[in-house]
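Engineer: Here you go, sequence then predicted model.
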Amino acid sequence: MEYVLLLIGFLILVKGADFFVEGSSEIATFLRIPPLLIGLTIVAFGTSAPEAAVSISAALKGTGDIAVGNVVGSNLFNILFILGITAIIQPLVVERQTIKKEIPFALLGSIVLLVLIADRILANANSVLSRGDGLILLTYFSVFMYYILEVAKNSREQFELDDIDPSPTHIGKYVLYTIGGLVAIVFGGDMVVKNAIVIAIALGMSETLVGLTIVAVGTSLPELITSVTAALKNKSEIAVGNIVGSNIFNIFFILGISSVIHPIVVDSNILIDTVIMILSTVILLIFSQTHSKITRAEGGVFMLMYAGYMAYILIRN
């Protein structure tokens, strides 16, 4: 029964995110907010909302291993699996700005997280994401938000508001979509955490492993759907920006707010996964710099790396 409820929870999460993105985007159009700002904020936050719901819910329940494992596992799934499969479908064009600023910022986030959870190595103490650590992560997130707003501000001159699609006439419907989507995300996230814990105990799996696999893949479904759709529509540059932005949001905002709400005790094994996340981001940066695109062959490399990583953590458990 727990498996059925876990699946239902994932479906509610994905559908909730879909309603949230659609409703918020239509409201933004009604308010005549620039399209770039819509994409960099509402869509990015919307696709990461399931991760936020699961990690915050896990932190409140004292199951921090799922919260951290969910973020690290989601980021690895985003880079290795989602970018891998989308590059195989259609070589991914990477914008110069993404190569020079956003991917390095995602790399910085991975390194900062590693330092903050390396208490056992650096101070011979239990690894904990404290409230102070959470404030550090949120400070970096505020810097990223300032950068996004500057990008949006500088891009205003490149379009005319008259070019925006006509404002939606049924704005009330989209307000309900947005509110309903948020409620579904929170409810679905709670279902996922509860049933994932039950399954983990029944199978003898650690909470960290559940977070890195089942929960991480489930909460990354919005990013997967968005990126594959973008690739199929020959708008592959959207896929890279969405994934990189999502990874930044996952580390700085989701873990930041989760650890501020409740300090998170971290399984020491997650250090290895975090190092793998750093290496994956470095490889993404290298691949992106080769002709400003990720080729099908490089996408295949990512897929093989993810398969190898899955084998490793299953053996480790």
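Structural biologist: In hand now; what should we look at?
Engineer: Which strands or helices does the helix or strand harbouring residue 197 pack on?
Structural biologist: Under the criterion of DSSP states H and E, residue 197 resides in helix 171-203. Helices and strands touching helix 171-203, by 3 or more C-beta pairs under 8 Å, 6 or more residues apart in numbering; DSSP states H and E, are helix 2-30, helix 44-60, helix 64-76, helix 207-210, helix 216-219. In this view, the C-beta of every residue, glycine as well, is placed from N, C-alpha and C.
Engineer: right, and these - which one's nearest residue 307?
Structural biologist: Of all those, helix 64-76 sits nearest to residue 307, with 12.0 Å by C-beta to C-beta.
Engineer: just to revisit the earlier point, what mean pLDDT does the helix holding residue 197 have?
Structural biologist: Average pLDDT, helix 171-203: 80.
Engineer: Rebuild the helices and strands packed on helix 171-203 as a markdown table, extending it with mean pLDDT, mean neighbour count and distance to residue 232.
Structural biologist: Shown next, in a markdown table, are these (pLDDT from 0 to 100; neighbours: other C-beta atoms under 10 Å; distance: least, C-beta to C-beta, whole Å):
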| stretch | mean pLDDT | mean neighbour count | distance to residue 232 |
| --- | --- | --- | --- |
| helix 2-30 | 79 | 20 | 17 |
| helix 44-60 | 78 | 26 | 17 |
| helix 64-76 | 85 | 30 | 22 |
| helix 207-210 | 76 | 24 | 31 |
| helix 216-219 | 78 | 25 | 20 |
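Engineer: Let me have those helices in JSON lines, adding distance to residue 82 as columns.
Structural biologist: Listed next are the helices and strands packed on helix 171-203 as JSON lines, based on distance: least, C-beta to C-beta, whole Å:
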{"stretch": "helix 2-30", "distance to residue 82": "14"}
{"stretch": "helix 44-60", "distance to residue 82": "11"}
{"stretch": "helix 64-76", "distance to residue 82": "10"}
{"stretch": "helix 207-210", "distance to residue 82": "20"}
{"stretch": "helix 216-219", "distance to residue 82": "10"}
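Engineer: how would you label the nearest residue to residue 88 once chain neighbours are set aside: helix, strand or coil?
Structural biologist: The shortest distance from residue 88 to any non-neighbouring residue, by C-beta to C-beta, 6 or more residues apart in numbering, is to residue 299 (4.4 Å). The three-state label given to residue 299 by DSSP: H, G, I helix; E, B strand; the rest coil is helix.
Engineer: what's near enough to touch residue 299?
Structural biologist: Residues in contact with residue 299 (C-beta atoms under 8 Å, 6 or more residues apart in numbering) are 83, 84, 85, 86, 87, 88, 91, 92.
Engineer: Which helix or strand contains the first one?
Structural biologist: Assessed by DSSP H and E, residue 83 sits inside helix 83-89.
Engineer: Packing partners of that helix?
Structural biologist: Helix 83-89 sits against helix 221-232, helix 236-249, helix 296-316, with contacts defined as 3+ C-beta pairs under 8 Å, 6+ apart.
Engineer: so where's the stretch 151-300 of the chain shaky on pLDDT?
Structural biologist: Applying pLDDT under 70 to the stretch 151-300 of the chain flags residues 152-169, 235-238.
Engineer: The helix holding residue 197: which residues count as buried?
Structural biologist: Neighbour counts over helix 171-203 (16 or more other C-beta atoms under 10 Å) mark 174, 177-178, 181-182, 184-197, 199-200 as buried.
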